[in-house]
Structures are given as structure tokens and as C-alpha cells.
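Asker: predicted model and sequence follow; I will ask about them next.
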Number of protein chains: 2
Amino acid sequence: MAKHSILETLNESLRKDTLTSISVMQFPPGQVLFSAGEHCRGLPLVLDGSIKVQMTGVSGQGIVLYRMGADDICTLSIGCLMTGRGYRAEAIVEEEAEAAIIPRGLFDRLMDQSAEFRLAIMESYGKRLDDLMLLVEEVAFRRMDERLEEWLLARASHGQRVLAITHQELGIELGTAREVVSRLLKELERQDQVRLARGKIELTGLAGKLAPA
Amino acid sequence: MAKHSILETLNESLRKDTLTSISVMQFPPGQVLFSAGEHCRGLPLVLDGSIKVQMTGVSGQGIVLYRMGADDICTLSIGCLMTGRGYRAEAIVEEEAEAAIIPRGLFDRLMDQSAEFRLAIMESYGKRLDDLMLLVEEVAFRRMDERLEEWLLARASHGQRVLAITHQELGIELGTAREVVSRLLKELERQDQVRLARGKIELTGLAGKLAPA
DNA sequence: CGCGTTCAGTGATAAAGTCACACAGCTAAC
DNA sequence: GTTAGCTGTGTGACTTTATCACTGAACGCG
């Protein structure tokens, strides 16, 4: 059964209608939920797991725009739904995910009949805009070594000290080239902040700077 | 009297209510509509003129996120309104502007009672997200010389061949440093693409590549 | 084991950002 | 008109990041 906090904004009757007309789907890691150019068929609710949304430039280089996790709404889809434009980004499952899709008609009805639902949608939209603005700032003004360190620490604070990720993937996270990541990591290794192995990064010295769990 | 296409999504009675409760204001060039950190008091409708929305990084460097013109809605404000967060950007009038503000309460009512109004709002939101994603791509992957040329041509195609702008301002448009702009422009001048003067850029050779008016 | 594939390291070079400073063009006060 | 001061531009020196080309290491599998 679908469990998503936005459903709690609905009254008894709308919620029942919604639950009967959506079905929860499972997606394995690596699965592509949607890709650039595709059109949108409804509003995806993420119930569980982790999904990254990334964009690919003409050069073939990519950058991760944001992630969605349990209880998120794929607000990007609403834009596509409303403007009729295709997606500009692609969504890829990272950790086994559960999601349900609210079809267009039902979405319109919920927007019409529930002020709370509307509020939740607008809030999610606002948050997404905010995220993207932060990203613009990151990319335009901040140094890559700082961004890399922060990325590693953000990951580590979720408990792991050994990250399983390739330099290529990290490049896409930060929107830079693989070589740049390799060089910066090598420098961190020289400073005893990390230990490197194929496909793995172990945080050693850096762990001292860990955000409180 | 306020003239904005979103008002046409409203029925007779809602439109009348709206028109009586909003007032059109005039803003001279240079006026700051809102600045970073401020809280939002309603949804601004742009009736006429040109307003740029820009962000300033910690380094003090800025970048223009997008522009609003006649018939635009300041969707960014909705996000602030809904999440309660302050603005992350600032809005500055470029060309004498007219705008009206729909207060929070009325906005909620319009969202409640007009499906068409809702649609227009969501559409505007979608477009803004799209703009920002394009910007991320620009900043992350494209070369500065290309972006500069494109910016100049986009301006020129509005009729002018002589742009009144300083290198500093151009730097903020593109999110780069003044020196970088100076050097790239100097190079264009060496190639007889532009002629430079204090506070002015005249498009000469570049004008051949003008987008059809 | 040997072979192919993916991942990582690195030198060379180009583009962009940063810092420091010189100087030019304009304005306003004298 | 001359001069002081401000804003805008030009440029050298240097750092950081991006790009290109290539090498070799680690792994997966027949």
C-alpha cells in the first residue's frame, strides 16, 4: 500500500480514490525512470529508496541536479506535464525504489479539491527551485576541491566511511571531468585524508571533520 | 488598470475581485524589488518593463538567473511564499516597470477557485525550472567565449547594435569575473567583431551573425 | 592463465578565475 | 581650464579547472 505524506493532506474520500487508482511499483538500482526528451504521464511519488536526477550536456558531460528519497515528489514532472515539454533530465534509481504515479486527471482533481494538497505541491516546487539556485551558485562560484570534500563528508555522515563510487561517477555528481576528480582525490590521499582503491574511497583523516551524525 | 494575461484565466467575478484588491505600481530603473533574505508578501505580476533576477555568491560575485518582462509572473516568489524561506536572489528593475502584487490570501483563493489560473501558475513554474536547468548546463559545461558571443547577439537582435553595458555588468550576466569579460571582448575586437568604448560595445563584424529580427 | 574491459594516474596544453596594479575617460570642484 | 577623484578598462603573473592523449593497473571471465 502506498505510504506517502502527501496522501495525508487528502480527506477520507479523496484518499480512497487516490489509493485505488494508483499502484506502487518497484524499481531496481540502475533502472531509468525517465530520460531526456521523454514526455511525462503523471506525477511520480517516491515512497522509498533513492533516485538521482541528472542532466547531460551536449559535450556528453553530466551533472547530478538533485536526489529524491522517501516521501519526495518529482516536482520536475509537473513542469513537463503542464508545459507539455519533454524532460530535460533523466532519473536513475540508485537504491531499490518504490514509487507510484498519480495520473494527470487525478492530479488535476486533487489540485482542485484539496487546498492542503495544493500547498504541499507548491512547497515542493519552491524547494526544488531553491535547490537549483543553490546548484547554480555551487557550479558558478565554488572551488572544486571544496565541493568534493563536502560531497564526501555529506555521504560519510550517513554512516559509511568507505564509499563505493568511481571517479567517473563522482565527476557526474559534481559536473566535472573524471581527471579532475582523480587529481583532487590523489592530492587528498597525499594529505592522508582518504585512502583510494579501485571503485572505492575510504575516508580516513577527513572523517575527523564529519558532520555530527 | 492592470493588464496581464493571467487575469484572463479568471471568470468575471474573480477578475473583478482581483482588480479591486491589487494596485499597479511603477518602478524606475535601478529600483530593487526584493533582495536576498527578504520575505515575500505576495505574488508579483509584471505588467510591463524588464526586471532581472540575480544571485550573489559568498565571494561577492553575482550571476543573472533570468529576466521577467511584460506578462510574466514572479514564480520565484511563490516558492518563498509557500516554504516561508526568504528570497535567495534579488530583483532589479532594468527598464521602467509596472507591476502589481497579488496578496497571499487572494492568491490562495484564486488557486482554489480557478483551474485555469492554477494551470497558468504551474506552467510558469515549469518554465522557471526549465530556465534554471538550462542555466546550470550553461555554467557547468559551456565555454565563456561562446556564451559571451551569444549574449551579445541575443541583445543585438532586439534592434540595437550598440550596447550600453560595462564589463562588470556583463560579468554578472554570465557569472564570471570582469577581467575575463575584458579579455574576451578585447580578443573579439582584435578580430573586428566588435568595437569597444567606455561603457559601450558596438557590434560590427558580429552583426553578420545576427538572428533574424 | 591470458584477454578484454573498466578504472585510475599523469603529462601537456588551453581556458578560466584571481590578484595586483596601471592607466584612461569622465565629472565636479576649484 | 586645471586638477582631484571616481569608475571603467587593460594587462601581467599565477592558480585552478578543463581537455586531450596516452599508460598501466585491477578485475571479470572464458
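Answerer: Yes, it's here.

Asker: give me the residues contacting stretch A:50-66.
Answerer: Contacts to stretch A:50-66, defined as CB atoms under 8 Å, 6 or more residues apart in numbering or on different chains, come from residues A:27, A:33, A:36, A:67-69, A:74, A:76, A:88-95, A:97, A:99, A:128, A:131-132, A:135, A:139, A:171-175, A:177, B:133, B:136-137, B:140-142. Glycine gets a C-beta too; all of them are placed from N, C-alpha and C.

Asker: for it, buried residues please.
Answerer: A:50-56, A:61-66 (16 or more other CB atoms under 10 Å in any protein chain shown).

Asker: same check, this time on stretch A:113-131
Answerer: A:114, A:117-118, A:120-130.

Asker: could I have the CA atoms of it written out in PDB?
Answerer: Output of stretch A:113-131 as PDB, limited to C-alpha atoms (Å, rounded to 0.1, in the frame of the first residue of the first chain):
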ATOM      1  CA  GLN A 113     -10.300  19.800  -4.400                       C
ATOM      2  CA  SER A 114      -7.700  19.900  -1.700                       C
ATOM      3  CA  ALA A 115      -6.100  23.100  -0.600                       C
ATOM      4  CA  GLU A 116      -3.600  21.200   1.500                       C
ATOM      5  CA  PHE A 117      -2.600  19.100  -1.400                       C
ATOM      6  CA  ARG A 118      -2.000  22.200  -3.400                       C
ATOM      7  CA  LEU A 119       0.100  23.700  -0.600                       C
ATOM      8  CA  ALA A 120       2.300  20.600  -0.500                       C
ATOM      9  CA  ILE A 121       2.800  20.700  -4.200                       C
ATOM     10  CA  MET A 122       3.700  24.300  -4.200                       C
ATOM     11  CA  GLU A 123       6.000  23.800  -1.300                       C
ATOM     12  CA  SER A 124       7.800  21.000  -3.100                       C
ATOM     13  CA  TYR A 125       8.100  23.300  -6.100                       C
ATOM     14  CA  GLY A 126       9.600  26.000  -4.100                       C
ATOM     15  CA  LYS A 127      12.100  23.700  -2.600                       C
ATOM     16  CA  ARG A 128      13.200  22.400  -6.000                       C
ATOM     17  CA  LEU A 129      13.700  26.000  -7.300                       C
ATOM     18  CA  ASP A 130      15.800  26.700  -4.200                       C
ATOM     19  CA  ASP A 131      17.900  23.600  -4.800                       C
END
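
Asker: wait, does the top helix by length along chain A contact chain B?
Answerer: If you go by DSSP state H, chain A has its longest helix at helix A:115-141. Yes - using CB under 8 Å from any CB of the partner chain, helix A:115-141 reaches chain B at A:115, A:118-119, A:122-123, A:125-130, A:132-137, A:139-141.

Asker: which SSE is immediately downstream of that helix?
Answerer: helix A:144-156 (DSSP states H and E).

Asker: tell me the angle of that next one relative to helix A:115-141?
Answerer: Counting by axes from the mean of the first three to the mean of the last three CA atoms, to 10 degrees, helix A:144-156 points 140 degrees away from the direction of helix A:115-141.

Asker: mean confidence for helix A:144-156?
Answerer: Per-residue pLDDT over helix A:144-156 has a mean of 95.

Asker: could I get the buried residue list for it?
Answerer: A:144, A:147, A:148, A:149, A:151, A:152, A:155, A:156.

Asker: ok now that helix, how far from the chain's centre?
Answerer: On the basis of CA atoms, centre = their mean, to the nearest Å, helix A:144-156 sits 17 Å off its chain's mean C-alpha point.
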